[in-house]
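>>> A structural model of the following input is requested.
(chains A and B)
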Amino acid sequence: DAKTTQPPSMDCAEGRAANLPCNHSTISGNEYVYWYRQIHSQGPQYIIHGLKNNETNEMASLIITEDRKSSTLILPHATLRDTAVYYCIVRVERTSYDKVIFGPGTSLSVIP
Amino acid sequence: DAGVIQSPRHEVTEMGQEVTLRCKPISGHDYLFWYRQTMMRGLELLIYFNNNVPIDDSGMPEDRFSAKMPNASFSTLKIQPSEPRDSAVYFCASSRVKGGRDTQYFGPGTRLTVL
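All right, here's what the predicted structure looks like:
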């Protein structure tokens, strides 16, 4: 699977949008972008994933550039509970499992 | 659904002792994963199973570690003998690959301290 690059840390004011970038310049055409997050002392939690179109769910929005070499996870109105480490992962979707490699992620701090 | 269940949540043991961590995956999920997380190495995949069969154990650090999945609702990760460097949080996760899509659901983890 392609590797990803994320900033090690970011701050965001409570109530503002948090925009977390991810570079995946070597992504293949059949690889999806996945985002997970890990709140302190808990297991990682799935947030969202997409291939090339922008995606939105109740937790976040995912914006993927047209060339698919980067993406941005958007938390529209960050709260203190969104403070966590956010992992960007690229992997192929297929009927058999392909193991996921978690990088160091971005530590997001939401500040009151 | 109760989600992925792990036990114990905390384990403190002495070097040389055997440690057994337990996991109950989400019902209907056919993949189960064991991860280890430390400050130094981050989140590492140790082993995963598909339909109770170990598929890839290349992440298991050494022969002291072993994992089993005797049925679809139970898995164990055993460390024998344990060493202080095994201290970490161990996560179990499960997923179901459906239509080519897979989302992993993680348990709360077991925090292991080896003295």
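>>> ok and the residue in chain B nearest chain A?
B:F106 (2.9 Å; C-beta to the nearest C-beta). For every residue, glycine as well, the C-beta is placed using N, CA and C.
>>> isn't that residue right up against A:P44?
Yes. Using C-beta atoms under 8 Å, B:F106 makes contact with A:P44 at a distance of 5.0 Å.
>>> need the contact list for the spatially most central residue of chain A.
Residue closest to the mean C-alpha point of chain A, counted by C-alpha atoms, centre = their mean, is A:W35 at 3.3 Å. Neighbour list for A:W35: A:20, A:22, A:46-49, A:60, A:62, A:73, A:86-89 [criterion: C-beta atoms under 8 Å, 6 or more residues apart in numbering or on different chains].
>>> before we move on, what SS does the closest residue to it other than its chain neighbours have?
Leaving out its chain neighbours, the residue that sits closest to A:W35 by C-beta to C-beta, 6 or more residues apart in numbering or on different chains is A:I47, at 4.3 Å. Using DSSP: H, G, I helix; E, B strand; the rest coil, the structure places A:I47 in strand.
>>> what's the residue of chain A found nearest chain B sitting at in phi/psi?
Here chain A gets closest to chain B at one residue, A:G43, 2.9 Å apart by C-beta to the nearest C-beta. The phi/psi pair for A:G43 (degrees, to the nearest 10) reads phi -80, psi 160.
>>> I'm done for today, thanks for sticking with me.
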